[in-house]
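Colleague: take this sequence and fold it.
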Amino acid sequence: MTAILEFKQLSKAWFGVPAVSDFTLSIAAGALLGFIGQNGAGKSTLMNMVGGIVMPTSGDMIWRGQSFKPANPAEARKAGIGFIHQELNLFSNLSIAENLYIDGFPRKRGMIDWSGMNQRTASLLKRLALDVDPSLQVGRLSPGERQLVEIAKALHNEANLIIFDEPTTSLTPREVSRLFETIESLRKGATTIIYISHILGDVRKLSDQVVVMRDGRLVDSGMTADFSIKRMIGSMIGRELAGMYPPRSMPPGTETMLEIENLSQPGVIEAISLRAHKGEVVGLFGLLGAGRSELARIIFGIDPHSAGTITFNGKILKGGPRERIAQGMAFVTENRREEGLMLDQSIEENLALASIEKFGAAVTGMVDEGRLSQRAQQLSHELQLKAANIHLQSAKSLSGGNQQKVVIGKWKMNEPQLFILDEPTRGVDVGAKYEIYSLIDRMAASGGTVLLISSELEEVMGMADRIVVMNRGEVVGEVSRKDFDEAKILAMAFREV
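Modeller: Numbering: from 1, shown residues only. Next comes the predicted model:
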């Protein structure tokens, strides 16, 4: 088949460290390629070169038979390339139609043709089965609807190739199903699609071909039918992974670290009581809207509660996050980019965020930068961060999985006793997931307590000693590890038992 896009020994280096090396591949028009690889494998850098966001260090790209060197995203869009980023590129304060026409509003008799804009937008939305008013503000849409608006933008720009970068991370199962139907429809319309995801089952379900990257290089490729999950994982990490979850090093203790009694906040949570012991991993599971994240925020002191008590190490907690941190709590938020990191600051500065007071000199109170830097460097090795220079490199330059490691590392620098982890492996590849699971095991083995919140039941069952199930702000059940049963836990989450 005719190639729509070719890479010829394409390379990109950051700070002298290769991100993509000698990448060579031909993509046929109308193909649906699943791109997989660990965080930091080079997938996003490669696609950013296609999208005109990053300039190659060397090598060539051929687009529809012509040399292709987009200097910016506008040039890539004009050529016919649509890019659906993991972090959606929409203006939430503008309407759907305004977002589609942001690069140039049509005019009629010298005035903006609002009627024409809305009619054209409505036609595109209908094609995507999105039944909303084109004049509706984007900020009022659900994540899944916003995803479809991004696709509508690509269609509006007459994209021949659409790149999906981790498109399902913030979607409900119903929205994921709707997105897949849209992708199938695009494929039938002869649009070429590159689908990047860490959810390997989705890649097998959607794609015709699989492309595997590791350490910036193409290491494996072929027809999807020839790729088992085992082959995918082996190619991604360069070795066989014995299991998805590491064995637990130590059994949980019996001494209570965290005790919650009749905790309530109207419209949020209702009369929640639970205990967590030293050395224990407690999983919090429930469907979307169950109140898990809201409970975590209340425990950490971000949000208020109207009734009940939170006791930590025998003391009833008062105050906000600052007091919680001082007493040994840590909270890894589910929204790492907006709440967990200062993206423009260096990796080292991010690692020091929660613990900088610990590195103050006794007499002067000034930060001992040498000691801080030494500890940050040591921790980056422990976390296996893929970074060229933690002192100079910004957090936003890292892959999603490595950003997540920095968020976890920020709290490890403070040596907490209680870790609250909200969706700690969202958007993280299988290799990095295993590393995070190993960190969770080490936290518990050292006597710490972990509250693990995850939408992936398999993950909670794989790591937790006990699972607390929530539904609409209430605890509806609790299951010990020896009694774990997927059907039983799901029935609890749906409140069918």
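
Colleague: from now on I want contacts and neighbour counts done on CA atoms only, so please keep to that.
Modeller: Will do.

Colleague: okay, the nearest residue in space to Ser346 that is not next to it in sequence: pLDDT?
Modeller: The spatially closest residue to Ser346, leaving aside those adjacent along the chain, is Ser394, at 4.1 Å (C-alpha to C-alpha, 6 or more residues apart in numbering). If you check Ser394, the pLDDT there is 90.

Colleague: Ser394 against Leu343, yeah?
Modeller: Yes - with contact defined as C-alpha atoms under 8 Å, Ser394 counts as touching Leu343 (6.5 Å).

Colleague: pLDDT weak spots in the stretch 301-450 of the chain?
Modeller: 361-365 (pLDDT under 70).

Colleague: helices of that one, start to end?
Modeller: 321-327, 347-351, 369-382, 400-412, 430-445 (DSSP state H, counting those that start in this stretch).

Colleague: ok, the most far-flung residue of the chain relative to its centre - contacts?
Modeller: Largest separation from the mean C-alpha position in the chain: Arg109, at 46.1 Å (C-alpha atoms, centre = their mean). For Arg109, no contacting residues are found, by C-alpha atoms under 8 Å, 6 or more residues apart in numbering.

Colleague: what distance do you get for it to Asp103?
Modeller: Arg109 sits 19 Å away from Asp103, going by C-alpha to C-alpha, to the nearest Å.

Colleague: what do you get for Arg466?
Modeller: In terms of C-alpha to C-alpha, Arg466 sits 52 Å off from Asp103.

Colleague: again, but for Val428
Modeller: 33 Å.

Colleague: so for those two, which sits in the more crowded spot?
Modeller: Between Val428 and Asp103, counting by other C-alpha atoms under 10 Å, Val428 is the more crowded of the two (25 against 9).

Colleague: residue contacts, that one?
Modeller: Here Val428 is in contact with Gln38, Asn39, His198, Gly400, Gly401 (C-alpha under 8 Å, 6+ apart).

Colleague: now, among the residues you listed, which is nearest to Ser135?
Modeller: Ser135 has its nearest neighbour among these in Gly400, at 33.2 Å by C-alpha to C-alpha.

Colleague: hmm, back to that, ramachandran coordinates for the residue farthest from the centre of the chain?
Modeller: phi 50, psi 40 (degrees, to the nearest 10).

Colleague: quick one: the helices in the stretch 1-150 of the chain, in order.
Modeller: 43-50, 73-79, 96-100, 114-127, 143-156.

Colleague: so for His277, which of those sits nearest?
Modeller: helix 143-156 (36.2 Å).

Colleague: now do the helix or strand following the closest one and helix 143-156, the angle between them.
Modeller: Using DSSP states H and E, the helix or strand that follows helix 143-156 towards the C-terminus is strand 161-165. Taking axes from the mean of the first three to the mean of the last three C-alpha atoms, to 10 degrees, strand 161-165 and helix 143-156 form an angle of 160 degrees between their directions.

Colleague: angle of strand 161-165 against helix 43-50?
Modeller: Going by the same axes, to 10 degrees, strand 161-165 makes 150 degrees with helix 43-50.

Colleague: residues making contact with whatever helix or strand comes next after strand 161-165?
Modeller: Next helix or strand after strand 161-165 toward the C-terminus (DSSP H and E): helix 173-188. Residues outside helix 173-188 that contact it (C-alpha under 8 Å, 6+ apart) are Gly30, Ala31, Leu32, Leu128, Gly144, Glu145, Leu148, Thr168, Ile193, Leu206.

Colleague: where do the strands sit along the stretch 201-350 of the chain?
Modeller: Applying DSSP state E, counting those that start in this stretch to the stretch 201-350 of the chain gives strands spanning 209-214, 217-223, 256-265, 269-277, 281-285, 307-312, 315-316, 329-332.

Colleague: now distance to Lys482 and mean neighbour count too, for the ones you listed, in CSV please.
Modeller: Listed next are these as CSV, based on distance: least, C-alpha to C-alpha, whole Å; neighbours: other C-alpha atoms under 10 Å:
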stretch, distance to Lys482, mean neighbour count
strand 209-214, 37, 23
strand 217-223, 40, 17
strand 256-265, 20, 19
strand 269-277, 17, 19
strand 281-285, 14, 27
strand 307-312, 27, 18
strand 315-316, 31, 12
strand 329-332, 28, 23
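
Colleague: in JSON lines: the contacts of helix 173-188, plus pLDDT and distance to Ser221.
Modeller: Converted to JSON lines, the contacts of helix 173-188 look like this (pLDDT from 0 to 100; distance: C-alpha to C-alpha, whole Å):
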{"residue": "Gly30", "pLDDT": "91", "distance to Ser221": "17"}
{"residue": "Ala31", "pLDDT": "93", "distance to Ser221": "14"}
{"residue": "Leu32", "pLDDT": "95", "distance to Ser221": "13"}
{"residue": "Leu128", "pLDDT": "80", "distance to Ser221": "31"}
{"residue": "Gly144", "pLDDT": "76", "distance to Ser221": "30"}
{"residue": "Glu145", "pLDDT": "84", "distance to Ser221": "32"}
{"residue": "Leu148", "pLDDT": "84", "distance to Ser221": "29"}
{"residue": "Thr168", "pLDDT": "80", "distance to Ser221": "23"}
{"residue": "Ile193", "pLDDT": "94", "distance to Ser221": "16"}
{"residue": "Leu206", "pLDDT": "92", "distance to Ser221": "15"}
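
Colleague: which one of those is nearest Gly477?
Modeller: Thr168 (28.5 Å).

Colleague: so after the host helix or strand of Glu458, what's the next helix or strand?
Modeller: Using DSSP H and E, Glu458 maps to helix 457-463. Using DSSP H and E, the helix or strand that follows helix 457-463 in sequence is strand 466-471.

Colleague: now the element after that next one, going C-ward?
Modeller: Strand 466-471 is succeeded, C-terminally, by strand 474-480 (DSSP H and E).

Colleague: list the beta-bridge partners for Ile196.
Modeller: Phe35, Asp165 (DSSP bridges).

Colleague: just Phe331 next, same as before
Modeller: Under the criterion used (DSSP bridges), Phe331 bridges to Ile420.

Colleague: return the member of the helices of the stretch 1-150 of the chain having the minimum mean pLDDT.
Modeller: helix 143-156 (a mean of 82).

Colleague: give me the distance between the residue sitting nearest the centre point of the chain and Gln404.
Modeller: Against the mean C-alpha coordinate of the chain, by C-alpha atoms, centre = their mean, the closest residue is Gly427 at 3.0 Å. Remark: distance between Gly427 and Gln404 (C-alpha to C-alpha) = 9 Å.

Colleague: likewise Asp429?
Modeller: Counting by C-alpha to C-alpha, the gap from Asp429 to Gln404 is 11 Å.

Colleague: looking at those two, which one has more neighbours?
Modeller: Gln404 (29 against 24).

Colleague: how about the contacts made by that one?
Modeller: Arg336, Pro424, Thr425.

Colleague: same thing but at 10 Å, please
Modeller: 332-337, 340-341, 385, 395, 398, 410, 424-428, 432, 436 (C-alpha atoms under 10 Å, 6 or more residues apart in numbering).

Colleague: restricted to buried residues, select those residues in ChimeraX.
Modeller: To isolate the buried subset of the contacts of Gln404 in ChimeraX, counting by 16 or more other C-alpha atoms under 10 Å, use the following:
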select :332,333,334,336,337,340,341,385,395,398,410,424,425,426,427,428,432,436
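
Colleague: hang on, Leu317 packs against His305?
Modeller: No - with contact defined as C-alpha atoms under 10 Å, Leu317 does not count as touching His305 (11.8 Å).

Colleague: joint contacts of these two?
Modeller: The contact lists of Leu317 and His305 share Ile299, where a contact means C-alpha under 10 Å, 6+ apart.
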